[in-house]
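Colleague: quick one: sequence plus predicted model below, questions after.
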Amino acid sequence: MALPAPPPLPPAKPKSNLGLIIATVIVLAVILEIAAGVGGVVFLRNWLPKRIARAKADRARNIELHPKTARDYNDRSAARNARGDLDGALADMDRAIELDPKVPMYYDNRGYVRRAKGDVDGAIADFNRAIELDPEFARAYINRGGARSSKGDLDGSIADYTRAIELDPKVGYVYGYRGFVRSSKRDFDGAIADLNKAIELDPKVANFYGNRGHARSFKGDVKGAIADYDRAIDLDPKGGEAYTYRGTAKRWLGDLDGAIADYTRAVDLNPKNKLARHDRGYTRALQGDFNGAIAELNHSLELDPNDARAFYLRGLSYMLMREWTKALADFQSGIKVSNRDEDYSRFFCWLIRARLGDTDAANEELSRFLAKRHRQATGDWISTAGGFLLGNVTEAELFAAAASPDARKERRQQCEARYYAGMKKLLSGDKPAAVDDFQKCLAIELMEVTEYHLAGAELKALAP
């Protein structure tokens with residue numbers, strides 16, 4: 001499950017004199033109440049909001065037409081940004097900085113616009129300059145942390161959020177942002193600690209619960225994750241992402257009907273929610289509704305012919321249907337358009353081709369892939385599992401490699417190892433030994449793992 005990156009903070013505005021004006025008016029109101037009675041106060045209370053609104057509108061109109069000062073250009077930039085005129089907003093911030101190059105906020109605001117335009121490096125340069133001018137400008141650290149996160153500099157992002165928290169430890173959303181980044185680094189304990197703090201400071205932000213649910217799910221606390229998604233939905237009933245992630249958590253617990261209901265609600269809220277459509281289709285396949293699964297994933301590919309995830313999940317659905325040639329074609333198509341699921345797609349291609357009697361070509365193809373991949377990840381789980389399929393790693397070595405200090409990761413890798421061991425035995429004709437491995441795979445009870453469901457399908461096919 002993937003979550004959106006922390007957004008930048010919206011452009012800041014200079015401090016206004018409006019508070020002083022209102023305080024002055026209140027004093028006048030007291031004087032009027034004494035001098036003129038209640039009628040004068042009622043008149044003032046009716047007139048004052050209208051007058052203030054008119055003054056604001058007049059000033060905004062004047063700035064829009066005739067900006068003069070750096071602050072005028074800053075304010076017009078914010079207005080243009082709100083209308084989606086990013087080029088105009090950037091030009092105004094350039095002019096504000098030209099007129100007054102020593103104001104940290106102006107660089108921070110220009111960095112915001114640059115990031116919105118996709119110029120992340122330019123944004124970071126602006127945030128750097130804001131921090132140089134004011135090393136205690138927490139907002140600039142927050143925005144630079146978000147920009148660094150979007151570039152994949154997760155350590156730099158965490159450092160920036162940490163500094164912002166040191167400067168102002170009572171702002172909940174900064175803990176929320178840091179928790180998101182820690183979750184991206186798979187530091188789920190750190191993420192949960194940050195999100196707990198964010199919720200303590202601001203308990204009515206739906207995203208905090210959603211992101212904590214994400215971290216809990218990967219820690220193995222799926223029921224706790226569902227409780228967090230429930231709370232996120234209570235706070236924001238129209239937030240489709242929480243329904244999507246709750247659907248996946250329900251699927252991991254085996255509640256397939258509940259999962260489909262959540263995916264359907266997510267799609268109703270946002271028909272462009274590809275993740276919910278994908279997972280609803282795959283969940284239908286797990287239910288045995290193969291026609292519904294293929295129709296759903298076909299629709300995804302009609303909307304986007306290069307949707308690699310749809311190819312991958314349709315390939316898995318065809319494997320569950322034992323439509324080997326169609327499954328192979330889908331995995332190969334997915335590999336062509338993206339490397340997102342390439343590791344396991346390569347394994348499934350090997351299994352299908354070996355099953356169809358094309359073992360030599362399957363070995364050659366997987367060997368080429370692993371040789372290329374070895375330069376990046378020698379000795380990792382994927383390399384070991386691939387080596388086992390090729391006969392270069394023994395079964396004992398495979399099971400030993402599945403061990404991990406992370407208990408949930410170990411269970412996942414044991415589940416996969418049992419499935420691959422069972423498939424090798426099945427391909428060699430040793431059905432009783434294959435059944436034993438498939439049963440041991442299911443005994444791990446980790447329904448989030450694809451191989452768990454594939455092992456179940458093989459047992460069903462082998463049943464007398």
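Modeller: Structure received.
Colleague: and for the residue nearest to A308 when sequence neighbours are not counted, the neighbour number?
Modeller: Among residues not flanking A308 along the chain, S338 sits closest, at 3.5 Å (Cβ to Cβ, 6 or more residues apart in numbering). C-beta: built from backbone N, CA, C; applies to glycine. For S338, the count of nearby residues is 15 (other Cβ atoms under 10 Å).
Colleague: equivalent analysis for the one 4 residues further on, please.
Modeller: Residue neighbour count, defined by other Cβ under 10 Å, stands at 18 for E342.
Colleague: go ahead and confirm it touches F331.
Modeller: No. Taking contacts as Cβ atoms under 8 Å, E342 lies outside contact range of F331: 9.3 Å.
Colleague: hmm, who's touching the one helix or strand K460 maps to?
Modeller: According to DSSP states H and E, K460 maps onto helix 450-462. Identification of contacts with helix 450-462 by Cβ atoms under 8 Å, 6 or more residues apart in numbering yields 286, 316, 319-320, 322, 344, 415-416, 418-420, 422-423, 426, 431, 434-435, 437-439, 441-442, 444, 446-447.
Colleague: what about those, which are in helices?
Modeller: 286, 316, 319-320, 344, 415-416, 418-420, 422-423, 426, 431, 434-435, 437-439, 441-442 (DSSP state H).
Colleague: buried only: go through the residues you listed for me.
Modeller: Buried by 16 or more other Cβ atoms under 10 Å: 286, 316, 319-320, 344, 415-416, 418-420, 422-423, 426, 434-435, 437-438, 441-442, out of the ones in helices among the contacts of helix 450-462.
Colleague: K185 - nearest residue in space that isn't next to it in sequence?
Modeller: Using Cβ to Cβ, 6+ apart and skipping the chain neighbours, the partner closest in space to K185 is L154 (5.2 Å).
Colleague: identify the residues contacting V171.
Modeller: Counting by Cβ under 8 Å, 6+ apart, V171 has contacts A138, A164, I165, L201.
Colleague: so which of those residues sit within helices?
Modeller: Among those, the residues falling in helices (DSSP H) are A138, A164, I165, L201.
Colleague: scan those residues and report the most crowded one.
Modeller: Within the ones in helices among the contacts of V171, neighbour counts (other Cβ under 10 Å) peak at A164, which reaches 24 neighbours.
Colleague: verify the contact between it and V174 for me.
Modeller: Yes. Between A164 and V174 there is a contact at 5.1 Å, judged by Cβ under 8 Å.
Colleague: what residues do these two have in common as contacts?
Modeller: In contact with both A164 and V174: A138, I142, using Cβ under 8 Å, 6+ apart.
Colleague: the stretch 1-150 of the chain: helices as residue ranges?
Modeller: Along the stretch 1-150 of the chain, the segments classed as helices by DSSP state H, counting those that start in this stretch run 18-36, 38-65, 70-82, 86-99, 104-116, 120-133, 138-150.
Colleague: actually the stretch 251-400 of the chain, not the one I typed
Modeller: Assigned by DSSP H, counting those that start in this stretch, the helices in the stretch 251-400 of the chain fall at 256-269, 274-287, 290-303, 308-321, 324-337, 342-355, 359-377, 381-390, 395-401.
Colleague: which of those helices has the lowest average pLDDT?
Modeller: Ranked by mean pLDDT, the helices of the stretch 251-400 of the chain bottom out at helix 359-377, which scores a mean of 85.
Colleague: what comes up buried for stretch 456-464?
Modeller: Neighbour count says stretch 456-464 has G456, E458, L459 buried, by 16+ other Cβ under 10 Å.
Colleague: what do you get for stretch 247-259?
Modeller: By neighbour count on 16+ other Cβ under 10 Å, the buried set for stretch 247-259 is G247, T248, A249, K250, R251, W252, D255, L256, G258, A259.
Colleague: widest-spaced pair of those residues?
Modeller: Spanning the widest gap among these are A249 and L256, at 12.2 Å by Cβ to Cβ.
Colleague: quick check on I444: phi, psi?
Modeller: Main-chain torsions, I444, degrees, to the nearest 10: phi -70, psi -20.
Colleague: list the contacts for the nearest residue to it once chain neighbours are set aside?
Modeller: Once flanking residues are discounted, I444 sits nearest to C415: 4.5 Å by Cβ to Cβ, 6+ apart. Shown in contact with C415 (Cβ under 8 Å, 6+ apart): C441, I444, L446, V449, E451, Y452, A455.
Colleague: from the residues you listed, which two are the most distant?
Modeller: Spanning the widest gap among the contacts of C415 are L446 and A455, at 10.8 Å by Cβ to Cβ.
Colleague: these two: which is more packed in?
Modeller: Neighbours were counted for L446 and for A455 using other Cβ under 10 Å; A455 has more, 27 against 18.
Colleague: pull the helix or strand with minimum mean pLDDT from this protein.
Modeller: Ranked by mean pLDDT, DSSP states H and E, the weakest helix or strand in the chain is helix 18-36, scoring a mean of 52.
Colleague: host element of R182?
Modeller: helix 172-184.
Colleague: just the C-alphas of that helix, formatted as CSV.
Modeller: Backbone C-alpha positions of helix 172-184 (Å, rounded to 0.1, in the frame of the first residue of the first chain) are rendered in CSV as follows:
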residue,chain,number,x,y,z
GLY,A,172,1.0,17.9,15.2
TYR,A,173,1.3,17.7,11.4
VAL,A,174,5.1,17.8,11.5
TYR,A,175,5.1,14.6,13.6
GLY,A,176,2.6,13.3,11.0
TYR,A,177,4.9,14.1,8.1
ARG,A,178,8.0,12.6,9.8
GLY,A,179,5.9,9.5,10.7
PHE,A,180,5.0,9.2,7.0
VAL,A,181,8.7,9.3,6.0
ARG,A,182,9.7,6.8,8.6
SER,A,183,7.1,4.5,7.4
SER,A,184,8.5,4.9,3.9
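Colleague: list of residues touching that helix?
Modeller: 3, 5-6, 138, 142, 145-146, 149, 154, 157-158, 161-162, 164-165, 168, 188, 190-195, 197-202, 205, 207-208, 211-212, 214-215, 218.
Colleague: now do R353 against L366, distance only.
Modeller: The gap separating R353 from L366 is 9 Å, by Cβ to Cβ, to the nearest Å.
Colleague: what of D360?
Modeller: Distance from D360 to L366, by Cβ to Cβ: 11 Å.
Colleague: again, but for A242
Modeller: A242 is 39 Å from L366, by Cβ to Cβ.
Colleague: more neighbours: the two, which one.
Modeller: Of the pair A242 and L366, A242 is the one with more neighbours under other Cβ under 10 Å, namely 29 against 21.
Colleague: give me the nearest residue to that one, chain neighbours excluded.
Modeller: Excluding its sequence neighbours, the residue lying closest to A242 (Cβ to Cβ, 6+ apart) is A232, at 4.1 Å.
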